[in-house]
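Asks: could you work out the structure for the sequence below:
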Amino acid sequence: MKDCHTLTDGEVIAIDGKTLRGSYDRSKGKGTIHMVNAFATVNGMSIGQQKVDSKSNEITAIPKLLDLLEVKGFLVTIDAMGCQKKIAQKILDKEADYLLAVKGNQGMLEQAFDDYFRMNMLQDFDGRSYSTQEKSHGRIVCGDRARCEYSLLYM
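Replies: Numbers count the residues shown, from 1 in each chain. All right, here's what the predicted structure looks like:
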């Protein structure tokens, strides 16, 4: 995210789902509250949020949140849950750019990326690499990452 922030002069809006801790009460039959939040990295603050309907998920809440925001000229980032054609089109319709995550649970899309970008060709690259360690959902998640410049102009 830091690299995106630098490359776009801070014009990044990060959209992500949040679960409000302690928002459920089993004894009263009250379910957990889920929200979708828009975070302006240049300001370091939340600029909008949308409650996720109890019988739904982030995929339906993200377009509603985008309707509330002025994102023209910004880079909108969303995790793999928001990697949907309708969401990408809504961002483009609002004259913004997007950066969406793709994960292995979207098998056909992941395969299309692998085929198109020929990631296997990047196995022995001269780019920078780093390791990450973060706490996620109460677990420590470790991963090796690689960063390299890649342009469609060279395909």
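
Asks: any buried residues in stretch 48-59, and which?
Replies: Neighbour counts over stretch 48-59 (16 or more other CB atoms under 10 Å) mark 48, 50, 52, 58-59 as buried. Quick note: C-beta positions are derived from backbone N, CA and C, even for glycine.

Asks: okay, those residues in JSON lines with distance to L69 and secondary structure next?
Replies: Converted to JSON lines, the buried residues of stretch 48-59 look like this (distance: CB to CB, whole Å; DSSP: H, G, I helix; E, B strand; the rest coil):
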{"residue": "G48", "distance to L69": "5", "secondary structure": "strand"}
{"residue": "Q50", "distance to L69": "10", "secondary structure": "strand"}
{"residue": "V52", "distance to L69": "16", "secondary structure": "coil"}
{"residue": "E58", "distance to L69": "15", "secondary structure": "helix"}
{"residue": "I59", "distance to L69": "17", "secondary structure": "helix"}
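
Asks: continuing past the helix or strand of the chain with the lowest mean pLDDT, what's the next helix or strand?
Replies: The helix or strand of the chain with the lowest confidence, counting by mean pLDDT, DSSP states H and E, is helix 2-7 at a mean of 48. Past helix 2-7, further along toward the C-terminus, the next helix or strand under DSSP states H and E is strand 12-19.

Asks: send the alpha carbons of the next helix-or-strand element following that following strand over as PDB?
Replies: The helix or strand immediately downstream of strand 12-19 is strand 34-40, counting by DSSP H and E. Taking Å, rounded to 0.1, in the frame of the first residue of the first chain, the C-alpha atoms of strand 34-40 are listed here in PDB:
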ATOM      1  CA  HIS A  34     -20.500  -6.100   9.300                       C
ATOM      2  CA  MET A  35     -19.400  -2.900   7.600                       C
ATOM      3  CA  VAL A  36     -17.600  -1.900   4.500                       C
ATOM      4  CA  ASN A  37     -15.200   1.000   5.100                       C
ATOM      5  CA  ALA A  38     -13.500   3.500   2.700                       C
ATOM      6  CA  PHE A  39     -10.200   4.800   3.900                       C
ATOM      7  CA  ALA A  40      -8.400   7.800   2.300                       C
END
